[in-house]
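> task: produce atomic coordinates for the following.
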Amino acid sequence: MTQFFIDTGSNVVATLQQIKELLKEGGKWINLGPLLWTGGGSVSMELSLDEVLALAREVGFEVMGEEAEVAEKYRRKTVECEYTADKMGTFRRVYHAEFWVATKA
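Residues are numbered from 1 along each chain as shown. Now for the predicted structure:
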């Protein structure tokens, strides 16, 4: 599972290839996190969600959740995630995190 991770490296292609290498054939990759591309000036490319998912397919993943018959728990969706908050004050940081499940083909 990658949580708040995909957008932190300097090379998203290498990151997706490494995730694939770590999984067994048929293994599941679960992702949850925003696409903020926080690698600073060292980020080689900042991709949209559609571009990240297209790249995942190109690397060798089957992205689940786009078919109507997929179970709800596997559906690709945007999830509101509270990242930090001051319970005694008014500050609250909420990310719109992207959730998807992919299978190593």
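> use CA for all of it now, contacts and neighbours both
Will do.
> across the sheet, point out what pairs with residue 32.
residue 3, residue 99 (DSSP bridges).
> any residues touching the helix or strand containing residue 80, and which ones?
Assessed by DSSP states H and E, residue 80 sits inside strand 77-85. The contact list for strand 77-85 (Cα atoms under 8 Å, 6 or more residues apart in numbering) reads 91-100.
> relative to residue 98, how far out is the residue nearest to residue 94 when sequence neighbours are not counted?
Among residues not flanking residue 94 along the chain, residue 82 sits closest, at 4.3 Å (Cα to Cα, 6 or more residues apart in numbering). Noted for residue 82: a distance of 13 Å to residue 98, by Cα to Cα, to the nearest Å.
> more neighbours: which of those two?
Taking neighbours as other Cα atoms under 10 Å, residue 82 and residue 98 compare with residue 98 leading, 19 against 12.
> can you count the residues close to the nearest residue to the more buried one once chain neighbours are set aside?
Of all residues not flanking residue 98 in the chain, residue 78 sits nearest, at 4.7 Å (Cα to Cα, 6+ apart). Per other Cα under 10 Å, the neighbour tally for residue 78 reads 15.
> relative to residue 14, how far out is residue 78?
For residue 78 relative to residue 14 (Cα to Cα), the value is 24 Å.
> also residue 83?
26 Å.
> which of the contacts of strand 77-85 are buried?
95-100 (16 or more other Cα atoms under 10 Å).
> residue 74 contacts residue 65, correct?
Yes - in terms of Cα atoms under 8 Å, residue 74 counts as a neighbour of residue 65; the distance is 5.3 Å.
> any residues in contact with both of the two?
100-101.
> picking that back up, the strand holding residue 80 pairs with which strands?
In the sheet, strand 77-85 lines up with strand 92-104 (antiparallel) (DSSP bridges).
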